[in-house]
Every structure is written in structure tokens, then in C-alpha cells.
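Colleague: Give me a model of this one.
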Amino acid sequence: MRSPDHLAVVLIGHGAPATDCPPQLVGELMSLEWRQAAAPPNGASPHRAEGRVAELDAAIRDWPRHSGNDPYRAGLERLADTLRPLLPTGRLAVGYNEFCRPSIAEAVEAVIRDGATRVLVIPSMLTPGGVHAERDIPQALEALRRAHPEAAIEYVWPFDLRQVAALLASHVARAVHAGGAHG
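Modeller: Reported below is the predicted structural model:
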């Protein structure tokens, strides 16, 4: 078993465009990605479109962020700060599936550069059935495993639905005991 000194956890969030990022950038990116996904498997995607997708993705991910224009990112970082002391390692990074930096690859590669030889990747998505948790994140991790065979990169998902249900039920119980206070 590897020492916790070589362990890192990467928390993955969905990511969201900054609220002041021009919506036409996001719309164009999503349209191009949809067209690429809908293209027949034997048809090559035009290189120009791939270049534009990469350009738009970088522009959106690199958009200047702060809690006022990216409340999702601020919330995920608060979750990470709350999670950190509960982990068996001090090495915790946050990554984003889309729209925000660091990307999944950037976050995983950063902890590997920092000395992690075992990386546990955990999404903030709780339920099964989502395309990001079931397809996008595993695909990104498979590419990272090929690029970093020296590191064990493990996807700690899906969650035990009984534990997720218990978390939600405890939240409902707190609301019931609070006497119907709205918040």
C-alpha cells in the first residue's frame, strides 16, 4: 500500500461559464460540440471546427473569475475547503469538466507533478445517469492513465446511493425540525 504522502484527491465539478462571459461564445462552443458529436463516426470532423472549438473552450475557461461572476466555482471551492480536513491527505485539487480552469487533466497533472503516485478522482455529481460522470470524466481519466502510467488514477464513483439518500434525508430532517423556516 502506498503512503498517504503520495496520495492526492481531485474533486471534479461540472463548471459553469462566468456570468459576464459573452453568451455567444458559449452558444457557438456548444453548437460546434453538438455538431461534432452528431457527425457520423466515419466522417472526419473538419480541422477548422476543431481549432475553433479549442479556441472557444480556452477563451471561456480562461475568463477572469471571482465569486461575483462564478458562484458555482466559489461554491465548489467552499466544498473543497470543507472536505480537505476530512481526507487522509492534505493534497486536494479541484478540476472542472467544462467551462472553467483547471480542467480535469490540468488538475490531475498538477498533483502528479507535485509527487502524487495515487490519485483518487471524485466528482461532485451525486447521481448515476449523467453524461459527465458516466462518459466525459472516465474518458478524460483514461487518456490521463495512458499519459501517466507511473500514477494510479482511480475514479471513486459511483456513490453508494444509500449514503446519498441518507445525506438528503438528514437534510430534510433538519428542515422538519427547524419548524418550517424558509431559507
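Colleague: so the most far-flung residue of the chain relative to its centre, which of the three states?
Modeller: Using CA atoms, centre = their mean, the residue of the chain lying farthest from its centre is Gly179. It sits 35.7 Å away. Secondary structure assignment for Gly179 (DSSP: H, G, I helix; E, B strand; the rest coil): coil.
Colleague: isn't there a helix covering Gly95?
Modeller: No. The assignment for Gly95, made by three-state DSSP, is strand rather than a helix.
Colleague: Now do the helices in this protein.
Modeller: Here the chain has its helices, by DSSP state H, at 23-38, 47-61, 71-83, 104-113, 131, 137-147, 161-177.
Colleague: closest to Gly13 out of those?
Modeller: Comparison of those against Gly13 by CB to CB identifies helix 71-83 as nearest, at 4.1 Å. Glycine gets a C-beta too; all of them are placed from N, C-alpha and C.
Colleague: Point out where the chain drops to low pLDDT.
Modeller: Residue ranges of the chain with pLDDT under 70: 1-4, 41-47, 180-183.
Colleague: Arg145 versus Ala151, what's the distance?
Modeller: 8 Å (CB to CB, to the nearest Å).
Colleague: between these two, who's got more neighbours?
Modeller: Using other CB atoms under 10 Å as the criterion, Ala151 and Arg145 rank with Ala151 on top: 19 against 16.
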